[in-house]
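Novice: next comes the sequence, and after it the predicted model I'd like to discuss.
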Amino acid sequence: MTEPSKLPHHGVPEHQPAAGGIAARARAAAGPQYLTGLNPEQREAVVSLDGPVLVLAGAGTGKTRVLTTRIAHILSQGRARPHEILSVTFTNKAAREMKLRLGQMLGQAVEGMPWLGTFHSIGGRILRIHAELVQLKSNFTVLDVDDQVRLLKQLLQAENIDDKRWPARMLAGLIDGWKNRGLTPAQVPAGEAAVFGNGKGGKLYASYQERLKILNAADFGDLLLENIRLFREHPDVLRQYQNRFKFILVDEYQDTNVAQYLWLRLLSQAPSRAGVPLSAIIPGATDTAVVAENAASPVIPGHAEGVNTEGRDGEGSSPASGSGPPDHPGMTSPPQAPLKNICCVGDDDQSIYGWRGAEVDNILRFDHDFPGAKVIRLERNYRSTGHILAAASHLIAHNEGRLGKTLRTEDVDGEKVTVTGSWDSEEEARAIGEEIEDLQRSGENLNEIAILVRASFQMREFEDRFVTLGLSYRVIGGPRFYERAEIRDALAYLRVINSPADDLAFERIVNVPKRGLGDATVQMLHDHARKRRIPLFEAARAVVETDELKPKARGSLRELILHFDRWRARREVTSHTELAEIVLDESGYTDMWQKDRSADAAGRLDNLKELVRSMEEFENLQGFLEHISLVMDRDGGPDEEAVSLMTLHSAKGLEFDNVFLPGWEEGLFPSQRTLDEQGRAGLEEERRLAHVGLTRARRRAKLYFATNRRIHGTWSTTIPSRFLDELPSPNVEITESKGGSGWGGSGGYGASRFDNVESFGSSYTTPGWQRAQANRAKNRGGGGQARGGFDEAQSSYGSSRGETGGFARNKRGPMVIEGELVAKSTGTVSEFSLDDRVFHQKFGYGHVVKVDGNKLTIAFEKAGEKKVVDSFVERV
DNA sequence: CGAACCTTTGAGTTA
DNA sequence: CAAAGGTTCG
């Protein structure tokens, strides 16, 4: 199956010379030049072309280099031509990066890599080619979350379901989850489908899919799910792609979900025997096989469970089969047909998308799914200095569900990882701001500085701070360009022009700008459309001919229709960019923002201009709309030097000399919600996220925690993250908060949290934290359930999640926790007495009016009466 | 119909 | 605290 480039019918002549040239060059050299400079493991990963290969590539071990070199190797060996290689990534960024690096390596030949892209873009591409086979037209629209939710809302109304009790957003989430698991409406387990809307969940999913077809639309999940359906229902089409792709490469395999796995599996089977029935796997067998690292095939013979690649009838019946793994319907056993040369690269320690349906299992189970797979570990890290790598490795070693790798570096130890405590999030931002200014003064490039946060709401404080400091920064991955209201409005106009059946788009702009066409009118159009089974736009056209509408509404609706007719006619004779300008102008949309007095109106107009400008890169309107929803991420940013600000999630794959990691507090990081929802697995995923954060740093990693943070607008007291405890003390240094206004306790919190308190000096003696530390150590490793001992720290700590998790709202933990913790842990009476004059960092001067253990009630001169813990005030 | 005002609820990560 | 949803009034 691996015969060299004698490929009869798929010849694409113009690529031939390029590939031939490379091959020639490669032959001329003594050994392929691109292999020099690779370490032995990397080299093996590059040259092991035949059969399935799994490359376990730790952070900073040269993963992208291996992938791109492997492609170069395949091409130069003449094993396949560029269009015969399927190479999938998760993000457009990663795809771009690979194209870039390939280009550098190969010269111009990259142009011929049409199948290098994200799962979604490649899935979408295939789907457009065969759209009619899945009841779509090739100009189908890709809906975003917002459209999805609006559509679902309509369906809920139609079913008379109270959308307060059963929010459309929740249903969207469920459907998304099902699609991620490769489940069509018929395949969703009945019990699960019934959870929503008094048992109507499954029905709603089915009617949602129907509506999508009518609207000629697909959502994100469909780009893959419908692809799988296409392959299952049309084996001839599948075979065509199996034939085409001689090699498959997958980046970030640990992030694949079930649907992506199934998709890869279908494509990775050799074409000759497609259609051979495949047996189902036994659920338990897979897991044990992995844990035991047993390479022997765990397939249990005799369990042909009726899932087959022809798939025609598999849809309805498979969920019923009792022995099928509930989460993996249609999951097939190792196929009997030979497998394509598939190479998956990933790192189980960087799997951070479990909440999005990613199955770490996919990577843990690889050698079962692809028998005979060669597993190659890349463990030499080329990125970080010794202390950073040691800290990250030690931290991640606390996870149990991992394949286990030991990263090593030959770099110097460098600077220790620092941990800094501050009074509140403002001070945290101030401290980081100052450190960045210091770095800048010492000659660091701002582009080499990043702040990585757990949750995006943390970014605001930094932005505020940087604006006052005049420090230039850029937010990476924030609200995407095309998610902005003005962009979506503009796109909606274009969508209606392109696809008159796009009711969602029509509805979005029918009254934007205001035309006096309110709910009543829209409702009427809906009724009409439903009765006659026609799109809203056609309904509108019909309705203006009647006198069902008030004259005013009728007039403006007629005008709108005339506009659209004119625009559609113009489409033939005008360039699409010009058309967009005309549309925005004539519709009154630009006017609307020009009249708007609000602060961001100007920015929105700029964005609209930017949109029109970005359209130039595309052939025509259709082409633009096809790509917009998948590919349009902000880039046009000038390359000015700036600090990067982003979430930990969007930092994956990036690296910086200096990395700041604020907000390492219980509840925020690890996120309470993840802990409540996912328990132990959630904790491990959060820990992997911490590991990702640390390993982004080349030379400096700086961690922070604040004692007070505003959540939902009210201040809460927080405790430092358990992850700080899990760092190895020899590689970590506790520092005083810079720009801290002399708040004495700030360093102390961090200090006592480490195993070896002594080594950090005895000045940190806040009793509560020593206690917490001691108890934590006992509790560690026991998981959320173990809480045998009942000393105060442990019990309050434990009860902040677990069984009370559902009531998190009113039982906001931290305050209480800390109150108890500190109050009970100092057996002694407070050193404060009534009427003492005291100073508090936040509230200023006051006097003690009540003493209760070490909780004081203080009448502050400015802030009024407050209850505070005595360690937070000092006598004056 | 739409602006203005009031109430409620909610801040997790994303192709 | 801020956004989103609901209600009221012109």
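Specialist: Arrived safely, thanks for sending.

Novice: could you use CA atoms for every contact and neighbour count after this?
Specialist: Will do.

Novice: give me the residue from the stretch 351-500 of chain A nearest DNA strand B.
Specialist: Nearest to DNA strand B in the stretch 351-500 of chain A, going by C-alpha to the nearest atom of the strand, is A:S456, at a distance of 3.2 Å.

Novice: state the distance from the residue of the stretch 51-200 of chain A found nearest DNA strand B to A:M646.
Specialist: Closest to DNA strand B within the stretch 51-200 of chain A is A:T91: 4.5 Å, counting by C-alpha to the nearest atom of the strand. According to C-alpha to C-alpha, to the nearest Å, A:T91 and A:M646 sit 16 Å apart.

Novice: which one of those two is surrounded by more residues?
Specialist: A:M646 (22 against 19; other C-alpha atoms under 10 Å).

Novice: in which helix or strand would I find that one?
Specialist: Assigning secondary structure by DSSP states H and E places A:M646 in strand A:643-647.

Novice: now A:D657
Specialist: Residue-wise, A:D657 maps onto strand A:656-661 under DSSP H and E.

Novice: next helix or strand past that strand?
Specialist: Heading C-terminal from strand A:656-661 (DSSP H and E), you reach helix A:672-694.

Novice: name the residues of that next one that are buried.
Specialist: By neighbour count on 16 or more other C-alpha atoms under 10 Å, the buried set for helix A:672-694 is A:672-676, A:679-694.

Novice: avg pLDDT for whatever helix or strand comes next after that helix?
Specialist: Remark: after helix A:672-694, the chain's next helix or strand is strand A:697-711, criterion DSSP H and E. When pLDDT is averaged over strand A:697-711, the result is 94.

Novice: just the buried residues of the next helix-or-strand element following strand A:697-711, please?
Specialist: Later in the chain than strand A:697-711, the nearest helix or strand by DSSP H and E is strand A:714-717. Under the neighbour-count criterion of 16+ other C-alpha under 10 Å, strand A:714-717 has A:S716, A:T717 buried.

Novice: by contact count, what packs against strand A:714-717?
Specialist: strand A:697-711, helix A:813-825 (3 or more C-alpha pairs under 8 Å, 6 or more residues apart in numbering; DSSP states H and E).

Novice: please save the CA atoms from it in CSV.
Specialist: The C-alpha coordinates for strand A:714-717 follow below in CSV (Å, rounded to 0.1, in the frame of the first residue of the first chain):
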residue,chain,number,x,y,z
THR,A,714,-18.3,41.8,46.1
TRP,A,715,-15.0,41.3,47.7
SER,A,716,-14.2,37.8,48.9
THR,A,717,-11.2,36.5,50.8
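
Novice: from the middle of its chain, how far away would the helix or strand following it be?
Specialist: With elements assigned by DSSP H and E, the helix or strand that comes after strand A:714-717 is helix A:722-725. In terms of C-alpha atoms, centre = their mean, to the nearest Å, the centre of helix A:722-725 is found 24 Å from the chain centre.

Novice: stretch A:580-589 too?
Specialist: For stretch A:580-589, the distance to the chain centre is 35 Å (C-alpha atoms, centre = their mean).

Novice: can you mark which positions in it are buried?
Specialist: Going by 16+ other C-alpha under 10 Å, stretch A:580-589 has these buried residues: A:A580, A:E581, A:V583, A:L584, A:S587, A:G588, A:Y589.

Novice: any chance of JSON lines for the residues you listed, columns secondary structure and distance to DNA strand B?
Specialist: Shown next, in JSON lines, are the buried residues of stretch A:580-589 (DSSP: H, G, I helix; E, B strand; the rest coil; distance: C-alpha to the nearest atom of the strand, whole Å):
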{"residue": "A:A580", "secondary structure": "helix", "distance to DNA strand B": "24"}
{"residue": "A:E581", "secondary structure": "helix", "distance to DNA strand B": "24"}
{"residue": "A:V583", "secondary structure": "helix", "distance to DNA strand B": "20"}
{"residue": "A:L584", "secondary structure": "helix", "distance to DNA strand B": "18"}
{"residue": "A:S587", "secondary structure": "coil", "distance to DNA strand B": "14"}
{"residue": "A:G588", "secondary structure": "coil", "distance to DNA strand B": "13"}
{"residue": "A:Y589", "secondary structure": "helix", "distance to DNA strand B": "14"}
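
Novice: now the helices for the stretch 201-350 of chain A?
Specialist: A:201-214, A:220-233, A:235-244, A:258-268, A:283-291, A:314-317 (DSSP state H, counting those that start in this stretch).

Novice: buried residues, stretch A:549-565. List them.
Specialist: Buried-residue list, stretch A:549-565, by 16+ other C-alpha under 10 Å: A:L549, A:A553, A:R554, A:S556, A:L557, A:R558, A:L560, A:I561, A:F564.

Novice: quick one: which of these is nearest A:F231?
Specialist: A:F564 (37.7 Å; C-alpha to C-alpha).
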